[in-house]
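>>> take a look and give me a structure for this.
(chains A and B)
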Amino acid sequence: DAKTTQPTSMDCAEGRAANLPCNHSTISGNEYVYWYRQIHSQGPQYIIHGLKNNETNEMASLIITEDRKSSTLILPHATLRDTAVYYCIVGDGGSQGNLIFGKGTKLSVKP
Amino acid sequence: GAVVSQHPSWVICKSGTSVKIECRSLDFQATTMFWYRQFPKQSLMLMATSNEGSKATYEQGVEKDKFLINHASLTLSTLTVTSAHPEDSSFYICSARDRSSPLHFGNGTRLTVT
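Residues are numbered from 1 along each chain as shown, chains lettered A, B, ... in the order given. Below is the predicted model:
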């Protein structure tokens, strides 16, 4: 079973920041938080991941709470092309480990 | 970055025939690849772990004789759906990891069995 809880759906206005929350209260010390997104009929796309520090890349920012029990993915300026299902996943980051997908959050960016 | 290529992107086959799907790591070697299946409006479900040079590891409820996996090289894993039936129609996705990098996914194969 997935170890994360996410809202089923969210809306965001184009050009505004999209903040997607994720709860992972049972995360263990060696587990990372990964975010992927899946646009309709495509494979999942890697966005970002982190262990305990906040992370930023060209796609998004990841804010992890100090107790690591929750995190937020931030898309700073959402566009219509960011409409997708966003998956928050915890995993140990090992070279052989697979990832277990939950149901994710369906983000709809509206004009 | 790591690129995973899947082929074909879609396939239609008749009931009772077999279909092979290829998954390639284009710019890295992958000793392990993963195969997922996704039904409409559902999340990805792990089917099996493909190990280079050894037998695949299947998840509970996945028939190993129906979903044949071959990982003959460090850059190629294949999934063969044998004696396909309409209920096997689904979106099949592979993934692989380059050393300690995050998992990267192929673009999936839409299988329709008529």
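
>>> okay, now whichever residue of chain A sits closest to chain B: neighbour count?
Relative to chain B, the nearest point of chain A is residue A:43 (3.8 Å; Cβ to the nearest Cβ). For glycine as for every other residue, the C-beta is placed from the backbone atoms N, C-alpha and C. Neighbourhood size, residue A:43 [other Cβ atoms under 10 Å in any protein chain shown]: 23.

>>> would you double-check that it falls in a strand?
No. Under DSSP: H, G, I helix; E, B strand; the rest coil, residue A:43 sits outside any strand and is assigned coil.

>>> so it touches residue B:109, yeah?
No. Applying Cβ atoms under 8 Å, one finds residue A:43 not in contact with residue B:109, separated by 9.5 Å.

>>> ok, the residue nearest to the residue of chain A closest to chain B when sequence neighbours are not counted - how many residues close by?
Nearest residue to residue A:43 in three dimensions, chain neighbours excluded: residue B:105, at 3.8 Å (Cβ to Cβ, 6 or more residues apart in numbering or on different chains). For residue B:105, the neighbour count with other Cβ under 10 Å is 24.

>>> residue A:99 too?
Counted with other Cβ under 10 Å, residue A:99 comes out at 22.

>>> residue contacts, whichever residue of chain B sits closest to chain A?
In chain B, the residue found nearest to chain A is residue B:105; the distance is 3.8 Å by Cβ to the nearest Cβ. Taking Cβ atoms under 8 Å, 6 or more residues apart in numbering or on different chains as the contact definition, residue B:105 lies against A:36, A:43, A:44, A:45, A:46, B:4, B:93, B:94, B:95.

>>> ramachandran angles for the first one?
According to degrees, to the nearest 10, the main-chain angles of residue A:36 amount to phi -130, psi 160.

>>> spit out the contact partners of it.
By Cβ under 8 Å, 6+ apart, residue A:36 lies in contact with A:44, A:45, A:46, A:47, A:86, A:87, A:89, A:99, A:101, B:105.

>>> who wins for neighbours among these?
Neighbour counts for the contacts of residue A:36 (other Cβ under 10 Å) peak at residue A:44, which has 30 neighbours.

>>> hmm, that residue is touching residue A:38, no?
Yes. If you go by Cβ under 8 Å, residue A:44 and residue A:38 touch, sitting 4.7 Å apart.

>>> just to revisit the earlier point, mind checking how far the residue of chain B closest to chain A is from residue B:114?
Residue B:105 is 27 Å from residue B:114, where distance means Cβ to Cβ, to the nearest Å.

>>> now swap in residue B:35 and tell me
Distance of residue B:35 to residue B:114, computed by Cβ to Cβ: 23 Å.

>>> what do you get for residue B:85?
From residue B:85 over to residue B:114 the distance is 10 Å, taken as Cβ to Cβ.

>>> helix or strand: which one has the residue minimising distance to the centre of chain A?
In chain A, the centroid-proximal residue (Cα atoms, centre = their mean) is residue A:35; its distance is 3.4 Å. Element membership for residue A:35, per DSSP states H and E: strand A:32-38.

>>> next secondary structure element downstream of that strand?
Elements were assigned by DSSP H and E; along the chain past strand A:32-38, the next helix or strand is strand A:45-50.
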